[in-house]
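>>> predicted model and sequence follow; I will ask about them next.
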Amino acid sequence: MVLRIKLVCISISLKLQSDSNLSVNRTLLREVENH
């Protein structure tokens, strides 16, 4: 039960991170593709 809650918290935090870093990740991907 506790493990499931932890997994949910981790997934939510990851989603929030990915949402906030989406433009940064796109820029990094563009840089990688250019090099």
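Everything's here; your move. Residues are numbered from 1 along each chain as shown.
>>> name the single longest helix found in this protein.
Across the chain, the longest stretch assigned as helix under DSSP state H is helix 2-20.
>>> can you give me how far that one is from the chain middle?
Taking CA atoms, centre = their mean, to the nearest Å, one finds the center of helix 2-20 at 10 Å from the center of the full chain.
>>> can you give the contact residues for it?
Around helix 2-20, the neighbours that count as contacts under CB atoms under 8 Å, 6 or more residues apart in numbering are Asn25. Quick note: C-beta positions are derived from backbone N, CA and C, even for glycine.
>>> check which element follows it along the chain.
Tracing the chain past helix 2-20, the next element assigned as helix or strand by DSSP states H and E is helix 22-34.
>>> now the angle from the longest helix of the chain to helix 22-34?
Between the direction of helix 2-20 and that of helix 22-34, the angle (axes from the mean of the first three to the mean of the last three CA atoms, to 10 degrees) works out to 70 degrees.
>>> put the alpha carbons of helix 2-20 into CSV.
Output for helix 2-20, consisting of C-alpha atoms alone and laid out as CSV, is shown next (Å, rounded to 0.1, in the frame of the first residue of the first chain):
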residue,chain,number,x,y,z
VAL,A,2,2.7,2.5,1.0
LEU,A,3,4.7,1.4,-2.0
ARG,A,4,1.8,2.2,-4.3
ILE,A,5,1.4,5.6,-2.8
LYS,A,6,5.1,6.3,-3.3
LEU,A,7,4.9,5.2,-6.9
VAL,A,8,2.0,7.5,-7.5
CYS,A,9,3.9,10.4,-5.9
ILE,A,10,6.9,9.7,-8.0
SER,A,11,4.9,9.5,-11.2
ILE,A,12,3.1,12.8,-10.4
SER,A,13,6.4,14.5,-9.6
LEU,A,14,7.9,13.2,-12.8
LYS,A,15,5.0,14.4,-14.8
LEU,A,16,5.2,17.8,-13.2
GLN,A,17,8.9,17.9,-13.9
SER,A,18,8.4,16.9,-17.5
ASP,A,19,5.7,19.4,-18.0
SER,A,20,7.8,22.2,-16.7
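>>> same question for it, mean pLDDT?
Across helix 2-20, pLDDT averages out at 83.
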